[in-house]
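Participant: Based on what follows, work out the 3D shape:
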Amino acid sequence: MLKTGKLLRLRRLSLAGDDRHLLVPLDHSVSDGPIVPADKWDDLLRALVAGGADGIIVHKGRASALPPDILKNCALVVHLSASTARSADVHAKVLVADVEEALRLGADAVSVHVNIGSDTEAQQLADLGAVARSCDAWGMPLIAMVYPRGPRIEDPRDPALLAHLANVAADLGADMVKTSVALPIDRMAEVVANSPIPVLAAGGPPDGSDLVEYGAAVMATGCGGLAIGRRIFSAPSPAALVSRLAAVVHGVSGGNGITDDMHMTNYSTIVAGVA
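Facilitator: Okay, here's the model as predicted:
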């Protein structure tokens, strides 16, 4: 049975109270470098909140510098894992923060990254298990970002593989799993059906096509939400894009009036042949 503290925090991760989530990861500044100029950071956060993002994902340093008024209507997820694109092994993730730090920062959840198939998979699994124990002790929701990455992965879009990853996250104590999207997209329903916890679809369409149509197609498979970073924060108008995606995630007809069923039919056809 979930503790009251965790239940309260989980509710804050869904603004509409429908247990669906639109999260915007902003941890890329550690892995890849600045995502916006320093003097535009607060403007970006305000745009995401204004658009209706359910939560943002940042590292502890960014969380500690947040103006207190920004996240009145948006959850804070503190990311505990890190690596950089300049590492000898880009798939190796290490813990750089802990649950207690996240609590002091006012976090509503924490996230941990695990790359299944990487050379350091064993240590990353151990780290996920340790964080899960701490989350259980403190009543903190845990989002496991589990990806098929590394030299032992042949098809990172394989539904059976992604279902395995979702079960790894669940079995080690995560409350939600963020992972890649199967192709063709309608097979993501198999991943969802085999996952004991909500599945958040990571990233955008692999072919660079319409993000909102893609999001609707993904949600139509039963996913619990979207976790999209780069395609949002690099958009000309992040607030407008978030608003359209929030309408898709929370089941409200978006500005283009296209329903989820229509999105699924059209978009699954578009990406069926994308490797």
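
Participant: C-alpha from now on. contacts and neighbour counts both.
Facilitator: Fine.

Participant: I'd like the distance between S118 and P148.
Facilitator: The gap separating S118 from P148 is 8 Å, by C-alpha to C-alpha, to the nearest Å.

Participant: Please identify which of these two sits among more neighbours.
Facilitator: Between S118 and P148, counted using other C-alpha atoms under 10 Å, the more crowded position is P148 (24 against 21).

Participant: just for the chain, where's the confidence low?
Facilitator: Residue ranges of the chain with pLDDT under 70: 1, 253-275.

Participant: And the strands in it?
Facilitator: 21-25, 55-58, 75-79, 81-82, 94-95, 109-116, 142-148, 176-179, 199-202, 225-227 (DSSP state E).

Participant: mind putting these in JSON lines, distance to E154 included?
Facilitator: Below are the strands of the chain laid out as JSON lines (distance: least, C-alpha to C-alpha, whole Å):
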{"stretch": "strand 21-25", "distance to E154": "26"}
{"stretch": "strand 55-58", "distance to E154": "29"}
{"stretch": "strand 75-79", "distance to E154": "28"}
{"stretch": "strand 81-82", "distance to E154": "24"}
{"stretch": "strand 94-95", "distance to E154": "24"}
{"stretch": "strand 109-116", "distance to E154": "12"}
{"stretch": "strand 142-148", "distance to E154": "9"}
{"stretch": "strand 176-179", "distance to E154": "16"}
{"stretch": "strand 199-202", "distance to E154": "19"}
{"stretch": "strand 225-227", "distance to E154": "24"}
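
Participant: mind checking which of these is nearest G208?
Facilitator: strand 199-202 (13.9 Å; C-alpha to C-alpha).

Participant: And that closest one, what does it pack against?
Facilitator: Counting contacts by 3 or more C-alpha pairs under 8 Å, 6 or more residues apart in numbering; DSSP states H and E, strand 199-202 packs against strand 176-179, strand 225-227.

Participant: and the residue sitting nearest the centre point of the chain, what does it touch?
Facilitator: In the chain, the C-alpha nearest the mean C-alpha coordinate belongs to A227, at 3.4 Å (C-alpha atoms, centre = their mean). Going by C-alpha atoms under 8 Å, 6 or more residues apart in numbering, A227 touches 21-25, 178, 200-203.

Participant: How about A137?
Facilitator: Applying C-alpha under 8 Å, 6+ apart, no residues qualify as near A137.

Participant: if I look at it, how far off is A130?
Facilitator: For A137, the distance to A130 - C-alpha to C-alpha - is 11 Å.

Participant: Run a quick neighbour tally on A193.
Facilitator: Around A193 there are 15 residues (other C-alpha under 10 Å).

Participant: repeat for E101
Facilitator: Count around E101 with other C-alpha under 10 Å applied: 14.

Participant: Now it: closest residue in space, sequence neighbours ignored.
Facilitator: K60 (7.7 Å; C-alpha to C-alpha, 6 or more residues apart in numbering).

Participant: repeat for G106
Facilitator: L76 (7.4 Å).

Participant: quick one: the one you found and I56 touch, right?
Facilitator: Yes - contact criterion C-alpha atoms under 8 Å: L76 and I56 qualify, at 5.6 Å.

Participant: What are the boundaries of the helices in the stretch 101-250 of the chain?
Facilitator: Here the stretch 101-250 of the chain has its helices, by DSSP state H, counting those that start in this stretch, at 121-138, 159-171, 188-193, 211-219, 230-233, 238-249.

Participant: what would those helices look like in a markdown table with distance to R152?
Facilitator: As requested, the helices of the stretch 101-250 of the chain are exported to a markdown table (distance: least, C-alpha to C-alpha, whole Å):
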| stretch | distance to R152 |
| --- | --- |
| helix 121-138 | 11 |
| helix 159-171 | 12 |
| helix 188-193 | 20 |
| helix 211-219 | 26 |
| helix 230-233 | 26 |
| helix 238-249 | 33 |
